[in-house]
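1. The amino acid sequence is not available; the structure is as follows:
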């Protein structure tokens, strides 16, 4: 007698599962009642396209999901769109919560319905459980982030995103602005991915000149307020890193606090800000000495997640493109994780020329730029040229200085504060800013 086994239906469930909760289990349980559950687990890249990178990477999330009893198989879903996976699997059902009828996933839902019609598949929507205390669950991660988790985020972002957008933060309040600022545009959320701990901004907030008057210990201590209230990765402006024998202590301090990267410039001696026109007294370090600093920093680093980024000052000091490229080659071979090519030109031509040449080299590493002077250049132009990290290095400190200056002068002029009220935050907004 022939025994004909009836094939079970295929059920597709798309999930992020950063922090798993009973809502996820409920969806998977219901889905398993329709057939074999195949979970399309969103990759870090897919999640980063519409919100912050997940706390757990894809590999860890996959281990969790594939050990849930309702799940038959886990495959990567590489985009927010389900279409490619659905056409590959051709499931009988797609199961999802009904919360995606509105918001950023509304268009995704429409495409799922259209795709399923090709083979008479069905969409099953489960009523969204509003009683799940998601705010309480995510609040654990809202303020502060464990050093290991935060430190690893920058490298994960570099792997997951087309480019990393970084904004300067000089205290907890400015860091919260970096953390929470976002706009919804053309179907995407635009956010800042990381924070820049600027030597210039740290000096100004303490009423000191930008010449390393504020030592590393003081600056790292000041980072504690930012670390306690935010979760995004931090890139530390380490000027020239100090003396070679002090590099190891700097790296260990930054790593233990959860900082993701430090940028060191190849100048030596007393600091002169690179944006000053007169660089006559600035001296560039030798390739050998600076490469040695990079080697020391990488050797003492206890985490593979911590990045040492070499900042090349050749274009600032009029040493030319050949010198800049030669240094980039040596610094990469010394172990630098990325290269920052610095320029004070009003135009981006020279950094783009550098990027076009450097990106073709076998030893090339991710490229970083700081478009403070060539601010007319759009991000898309820099990305097309090969830049992976774009740092807006001093804009919050400059904005706050100008706003405070205007407000103070208005009060002096008008002998009252009424004229400033429409130009500043409302008192209630400030009172409820941090809860």
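-> Thanks, I have it. Please read these numbers as outputs of a predicted model, since none were measured by experiment.
2. burial count for residue 52?
-> 18 (other C-beta atoms under 10 Å). (Glycine included, C-beta is placed from N, CA and C.)
3. quick one, what contacts it?
-> 191, 231, 232 (C-beta atoms under 8 Å, 6 or more residues apart in numbering).
4. Give me the buried subset of these.
-> 191, 231, 232 (16 or more other C-beta atoms under 10 Å).
5. need those residues in TSV with distance to residue 406, can you?
-> Formatted as TSV, the buried ones among the contacts of residue 52 follow (distance: C-beta to C-beta, whole Å):
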residue	distance to residue 406
191	28
231	32
232	29
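6. Quick check: of those, which lies closest to residue 324?
-> residue 232 (30.1 Å; C-beta to C-beta).
7. how about the longest helix along the chain: buried residues?
-> Secondary structure of the chain per DSSP state H: the longest helix is helix 395-414. Neighbour counts over helix 395-414 (16+ other C-beta under 10 Å) mark 395, 396, 397, 400, 410 as buried.
8. Just give me the closest of those residues to residue 114.
-> residue 395 (42.6 Å).
9. check contacts around residue 262.
-> Here residue 262 is in contact with 235, 236, 237, 238, 241, 250, 251, 254, 297, 307, 308, 309 (C-beta under 8 Å, 6+ apart).
10. By pLDDT, rank the residues you listed and give me the bottom one.
-> Confidence by pLDDT is poorest for residue 241 among those, given 92.
11. so how far is residue 291 from it?
-> Using C-beta to C-beta, to the nearest Å, residue 241 is found at 12 Å from residue 291.
12. Who has more neighbours out of the two?
-> residue 241 (24 against 21).
13. Can you report phi and psi for that one?
-> Main-chain dihedrals, residue 241, degrees, to the nearest 10: phi 80, psi 0.
14. which ones are touching it?
-> 247, 250, 262, 264, 293, 297.
15. I figured the fifth one hits residue 264, correct?
-> Yes: the pair formed by residue 293 and residue 264 meets the contact definition of C-beta atoms under 8 Å, at 6.4 Å.
16. Report how many residues lie close to residue 340.
-> Residue 340: 24 neighbours (other C-beta under 10 Å).
17. contacting residues for it?
-> 263, 309, 310, 311, 312, 367, 368, 369, 370.
18. From those residues, pick the one nearest residue 197.
-> residue 263 (9.8 Å).
19. Wait, a strand at that closest one?
-> Yes: assessed with DSSP: H, G, I helix; E, B strand; the rest coil, residue 263 lies in a strand.
20. neighbours around it, how many?
-> 25.
21. Give me the nearest residue to it, chain neighbours excluded.
-> residue 309 (4.4 Å; C-beta to C-beta, 6 or more residues apart in numbering).
22. My guess is that neighbour contacts residue 265. True?
-> No: applying C-beta under 8 Å as the test, residue 309 and residue 265 come out as separate, 9.9 Å apart.
23. circling back: tell me which helix or strand the residue nearest to residue 263 sits in.
-> strand 307-312 (DSSP states H and E).
24. For this protein, which helix or strand comes out least confident on mean pLDDT?
-> Counting by mean pLDDT, DSSP states H and E, the chain has its least confident helix or strand at helix 134-142, which shows a mean of 57.
25. list the helices and strands the very next helix or strand once past it packs on?
-> Where DSSP H and E defines the elements, the next helix or strand beyond helix 134-142 is helix 147-160. Contact here means 3 or more C-beta pairs under 8 Å, 6 or more residues apart in numbering; DSSP states H and E; on that basis helix 147-160 packs against helix 44-48, strand 164-168, strand 194-197, helix 247-257.
26. tilt between helix 147-160 and helix 247-257?
-> Computed by axes from the mean of the first three to the mean of the last three C-alpha atoms, to 10 degrees, the angle separating helix 147-160 from helix 247-257 equals 90 degrees.
27. which of the residues in helix 147-160 are buried?
-> Buried, per 16+ other C-beta under 10 Å, within helix 147-160: 149, 150, 151, 152, 153, 154, 155, 156, 157, 158, 160.
28. which residues are contacting stretch 19-33?
-> So stretch 19-33 is contacted by 11, 13, 15, 17, 37, 39, 55, 64-65, 68, 70-71, 93, 95-97, 124, 126, 128-129, 132, 134, 137-138, 141 (C-beta under 8 Å, 6+ apart).
29. follow-up on the earlier one: include distance to residue 80 and pLDDT when you put the buried residues of helix 147-160 into CSV, please.
-> As requested, the buried residues of helix 147-160 are exported to CSV (distance: C-beta to C-beta, whole Å; pLDDT from 0 to 100):
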residue, distance to residue 80, pLDDT
149, 24, 86
150, 25, 91
151, 27, 94
152, 23, 92
153, 20, 93
154, 22, 96
155, 22, 95
156, 18, 93
157, 17, 95
158, 20, 96
160, 13, 92
